[in-house]
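S.K.: Pasting the sequence and the predicted model now:
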Amino acid sequence: MTSSRQPRYQECFVCGEANPSGLGLTFWQDDETVWTEFTPDERYQGYPGIVHGGLLYAILDEVTGRAAYLRAAWVVTARAEVRYLQPAHLGETLRFSGRIVSERSRALELAGEARRTADHALVATLSGLFVRLPDERICELESVITFEEERGPSAERDAGG
């Protein structure tokens, strides 16, 4: 199974390449999942040696909301619950993934998780309700979203398998 690169907004804190303060993460998708990887350094710490929980939340919120693209939906977060299961340490590569749990006419229930790539240990989860944007708002945003037709690595390799 192959994966494809998801669109990005150049000024976005999480995915924007033009945001000098941003993370510049690239998001990939297959038929069921969206994912990215990130290796935090000391700029992103809370307690010494530990990644700040707010940063984990920001990436989880992004990857989880991006699962809506699997249904060609553009959404915003209405409600999100994050659970931090163990500390994420600086220098450890984390894999964030998001998926669709269920759909309604105007909203989607989505779920995401962060795992260490070294041992696949679950670090944090997010579950939430995401609301579709109105068509007129999507039209306004399309001019600033970059759609790239780049093919990515195989989903099997990305899934660690």
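M.R.: That came through, no problem. Numbers count the residues shown, from 1 in each chain.

S.K.: okay, CA-based contacts and neighbour counts for the rest of this
M.R.: Fine.

S.K.: where are the low-confidence patches of the chain?
M.R.: Across the chain, the ranges flagged by pLDDT under 70 are 1, 138-139, 141-161.

S.K.: quick check: longest helix of it.
M.R.: helix 53-66 (DSSP state H).

S.K.: Contacts for it, please.
M.R.: By Cα atoms under 8 Å, 6 or more residues apart in numbering, the residues outside helix 53-66 that reach it are 14, 27, 34-36, 44, 46, 75-77, 80, 82, 84, 96-99, 110-114, 124-126, 130.

S.K.: Can you verify my assumption that residue 14 contacts residue 24?
M.R.: Yes: using Cα atoms under 8 Å, residue 14 is in contact with residue 24, at 5.9 Å.

S.K.: what about those two, which has more around it?
M.R.: Set residue 14 next to residue 24 and count neighbours by other Cα atoms under 10 Å: residue 14 wins out with 23 against 19.

S.K.: Of all residues in this protein, which one is nearest the centre?
M.R.: Compute the mean C-alpha point of the chain, and by Cα atoms, centre = their mean the closest residue is residue 63, 1.5 Å away.

S.K.: so how far is residue 11 from that one?
M.R.: Residue 63 sits 16 Å away from residue 11, going by Cα to Cα, to the nearest Å.

S.K.: Would you map the strands across this structure?
M.R.: Ranges of strands in the chain, per DSSP state E, are 4-5, 8-9, 28-29, 34-38, 75-84, 94-103, 107-116, 122-132, 145-146.
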